[in-house]
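Engineer: Predicted coordinates and the sequence they were generated for:
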Amino acid sequence: MIDIKNLTKTYFSKDREVKAVDNVSITIHDEEIFGIVGYSGAGKSSLLRCINLLERPTSGKITVDGVDLTKLDSKRLRQARLKIGMIFQHFNLVSQKTVAENIAFALKASKTPKNKIEKRVAELLDMVGLADKKDVYPGQLSGGQKQRVGIARALANNPKVLLCDEATSALDPTTTKSILNLLKKINKELNITIIIITHEMDVVKEICHRMAIMENGRIVEQGNVYDIFASPKEQLTKEFIQSVVSFDLPKATLRLVKGTLVKLLFRGEVAGEGVVSETLKKFQINGNFLHGSIEYIQERPLGIFIMELTGDQEEINKAIHYIEHRNAEVEVLNNGI
Ligand SMILES: Nc1ncnc2c1ncn2[C@@H]1O[C@H](COP(=O)(O)OP(=O)(O)OP(=O)(O)O)[C@@H](O)[C@H]1O
């Protein structure tokens, strides 16, 4: 378990100070994938770099498996860091070294016996699907392949935690997907806890179990990814979700709406469309779907529909109660005007 308690990181320079991380507390459970989302400058990198003490926190605690890293002397900190791998947006590979040498570097740093290095490098390359690239230089690899080398290097010393600093931000959507799949596999098969910082909500939706949203150094909201997508509380969270699931109706469509405009939210296995058509029939009202999608978050469906309901207002009200009773959330967007 990683326990971040009241963490603050302030950068001091000649003429100003910047509080990049401001009193942040997060608990990350073993073997989960945790996402930290925020716009540029929110403090995500500073927070991530405090977790392995690449940046020393100004105040607060970082406890990994019961050990407060801020209290360790430099030798013990080096040992603790071996159990926390890290990958970077721009991969940070040494261009004059081959793929195998880049990975071996991490093993030499941990004083792995020479006769074991070659075998371990081969294992790692196999794991990331680059067995045939061992003697190639980074310059000859695609972005996705470079990130795979970065991942192999980060896993070299069997870490328990992997920190990912915008690991897919420099990659195209298809390559991003394949790297996210690799991270999922690592999480599942090697039981490694993964912390991802990103400005892309798609990444969080695809891979994270829980998440936090950051702004001005502070966590504005945190929780289970599914719940946050289903009912975001803060304006910033809503903005991020809209980047993935957008329900803005064109003004021209809104002008044509004469009935009650409702947003329906169906969680999990509830068959949204089935409930809606049954309700329309039961209360003899009409429904016009204006927008809708079913998102799959952690393989669990989340259905969101925007509809115009027309007919007798009393029956519409009853229908709304009925749908709520069937475990959906209903939000009336225009109060029937
Ligand atoms: N070494 C530093 N010295 C001074 N200020 C810094 C330093 N590193 C970051 N900052 C400042 O701290 C704030 C948070 O930066 P940080 O890089 O942690 O944010 P971020 O959310 O990761 O953004 P980005 O994705 O753009 O890196 C910013 O105002 C930034 O200018």
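Structural biologist: Looks like it came in fine. Predicted model only: the values in this text are computed from it and were never measured.

Engineer: now for the strand or helix carrying residue 49, which elements pack on it?
Structural biologist: Taking DSSP states H and E as the definition, one finds residue 49 inside helix 44-51. The contact analysis (3 or more CB pairs under 8 Å, 6 or more residues apart in numbering; DSSP states H and E) places helix 44-51 against strand 2-12, strand 17-28, strand 33-37, strand 161-165, strand 193-198. To be clear about C-beta, it is placed using only N, CA and C from the backbone, and glycine gets the same treatment.

Engineer: hmm, 10 Å instead?
Structural biologist: On a contact count with 3 or more CB pairs under 10 Å, 6 or more residues apart in numbering; DSSP states H and E, helix 44-51 meets strand 2-12, strand 17-28, strand 33-37, strand 59-64, strand 84-88, strand 161-165, strand 193-198, strand 210-215.

Engineer: how many other residues sit next to the nearest residue to residue 59 once chain neighbours are set aside?
Structural biologist: Using CB to CB, 6 or more residues apart in numbering and skipping the chain neighbours, the partner closest in space to residue 59 is residue 8 (4.8 Å). If you count neighbours by other CB atoms under 10 Å, residue 8 ends up with 16.

Engineer: element containing residue 291?
Structural biologist: According to DSSP H and E, residue 291 maps onto strand 286-297.

Engineer: Show me what counts as buried in that strand.
Structural biologist: Burial within strand 286-297, assessed by neighbour count using 16 or more other CB atoms under 10 Å, is assigned to 287, 290, 292, 295, 297.

Engineer: Among the residues you listed, which one lies nearest to the ligand?
Structural biologist: The shortest gap between the ligand and any of the buried residues of strand 286-297 belongs to residue 297, at 23.4 Å (CB to the nearest ligand atom).

Engineer: Might one say that that closest one is in contact with residue 225?
Structural biologist: Yes. Residue 297 is in contact with residue 225 according to CB atoms under 10 Å; the separation is 5.9 Å.

Engineer: Run a quick neighbour tally on residue 76.
Structural biologist: Applying the criterion other CB under 10 Å, we find 12 residues in the vicinity of residue 76.

Engineer: In terms of secondary structure, what does the helix or strand it falls within contact?
Structural biologist: Element membership of residue 76, judged by DSSP H and E, is helix 74-82. Secondary-structure packing of helix 74-82 (3+ CB pairs under 10 Å, 6+ apart): strand 59-64, helix 99-109.

Engineer: Many thanks, have a good one.
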